[in-house]
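**Q** Need a 3D model of the sequence below.
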Amino acid sequence: MARPVIGMSTGRMAVDYGPVPQYPLTYLPVDYVEAVLDAGGLPMPLAMLDVALYDGVAGEQLAHCDGLLLSGGVDISPATYGEQPHPGLNATTPDRDTHELALLAEARRRGMPVLAICRGIQLVNVAYGGTLYQDIPAQVAGAIQHSQRSARHLPSHDVTVTGPSRLHGLVGSSIAVTSFHHQAVKDLGAGLDVVATATDGIIEAVEASDHPWLVAVQWHPEMSHAADAPSRKIFEAFVAQCVTG
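**A** Numbering: from 1, shown residues only. Next up is the predicted model:
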């Protein structure tokens, strides 16, 4: 049986590329690719395009896919949820925000399975009308360290998972997670259910009540999937849903 095709959102960065300074590249961390492959899917990175110039591009891209994975990356522009920039805001890519919002809207229209990771959960919350903490250390009193200093594949803190939920059925009532973020869900979007939190109250996972299968997590299961069974189960369940969904 053919592997289900997983469309994966990408970012854009400029790097010194041989003799060419600050050459713009489309990028996707290889951990996402390997996690999807290991779970039985066929990863298809979706180049970030200017949706305003290419009407319908999200539909054309997802027409070739069985599922959508919204990957991690730079901060989401506060303009997408009607706020002014906080001093702790890092670099943003408004074109990426626009592209991913269009991809998610198309996936919702199609009822396509969606897995959203780190920046992805934030994008989902914004799409559902929610807001974000632009900088956790400055805006959340008593927050734990959410941008870990240890190796990327090693867990840094625990997350409590509530049920009944799809995530609880996969990983149980708690999971140790890898964590690299300084933004997070603040005001929850309408139609989303909180299914996991950190000890400081930061929302760590949501699911959509109006969608056949949309699971969004704040941590990075792709970084730990090779050695951590609960992380693998998240990808395996997502890919399996793309086969049957």
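**Q** which ones are touching the nearest residue to Gly169 once chain neighbours are set aside?
**A** Of all residues not flanking Gly169 in the chain, Gly163 sits nearest, at 7.1 Å (C-beta to C-beta, 6 or more residues apart in numbering). (Each C-beta comes from the backbone N, C-alpha and C, glycine too.) Shown in contact with Gly163 (C-beta atoms under 8 Å, 6 or more residues apart in numbering): Gly169, Ser173, Val195.
**Q** Pipe those into a markdown table and attach pLDDT and neighbour count per row.
**A** Output for the contacts of Gly163, formatted as a markdown table (pLDDT from 0 to 100; neighbours: other C-beta atoms under 10 Å):
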| residue | pLDDT | neighbour count |
| --- | --- | --- |
| Gly169 | 97 | 12 |
| Ser173 | 98 | 11 |
| Val195 | 98 | 22 |
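**Q** returning to what we had before: you'd agree the residue nearest to Gly169 is in a strand?
**A** No - counting by DSSP: H, G, I helix; E, B strand; the rest coil, Gly163 is not part of a strand but coil.
**Q** So Thr131 sits against Ala79, correct?
**A** No - at 11.8 Å, Thr131 and Ala79 do not qualify as touching, with contact defined as C-beta atoms under 8 Å.
**Q** out of those two, which sits in the busier spot?
**A** Thr131 (18 against 12; other C-beta atoms under 10 Å).
**Q** Per-residue pLDDT of that one, please?
**A** For Thr131, the model assigns a pLDDT of 98.
**Q** for it, phi and psi?
**A** phi -130, psi 170 (degrees, to the nearest 10).
**Q** Quick check: which ranges of the chain have low pLDDT?
**A** The model of the chain has pLDDT under 70 over residues 244-245.
**Q** Let me see the ranges of the strands in it.
**A** In the chain, the segments counted as strands under DSSP state E are 5-9, 11-17, 20-27, 42-46, 67-70, 114-117, 132-133, 157-161, 174-177, 184-185, 192-198, 203-208, 214-217.
**Q** any chance of these in CSV, with distance to Thr92 too?
**A** Below are the strands of the chain laid out as CSV (distance: least, C-beta to C-beta, whole Å):
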stretch, distance to Thr92
strand 5-9, 15
strand 11-17, 11
strand 20-27, 16
strand 42-46, 19
strand 67-70, 16
strand 114-117, 18
strand 132-133, 11
strand 157-161, 26
strand 174-177, 25
strand 184-185, 16
strand 192-198, 22
strand 203-208, 21
strand 214-217, 19
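**Q** Surely Val206 touches Leu192?
**A** Yes - look at Val206 against Leu192 with C-beta under 8 Å: they come within range, at 4.5 Å.
**Q** who touches both of these two?
**A** Contacts common to Val206 and Leu192, judged by C-beta under 8 Å, 6+ apart, are Val124, Asn125.
**Q** which of the two has more neighbours?
**A** Val206 (28 against 24).
**Q** Check the gap between the more buried one and Thr10 for me.
**A** 23 Å (C-beta to C-beta, to the nearest Å).
**Q** One more: Ser174?
**A** 32 Å.
**Q** Next: Pro43.
**A** As for Pro43, its distance to Thr10 is 11 Å (criterion: C-beta to C-beta).
**Q** ok, now Ala107?
**A** 16 Å.
**Q** And Thr199, by the same measure?
**A** Thr199 is 33 Å from Thr10, by C-beta to C-beta.
**Q** Which one of those two is surrounded by more residues?
**A** Legend: neighbour count by other C-beta under 10 Å for Thr199 and Thr10, higher for Thr10 (20 against 12).
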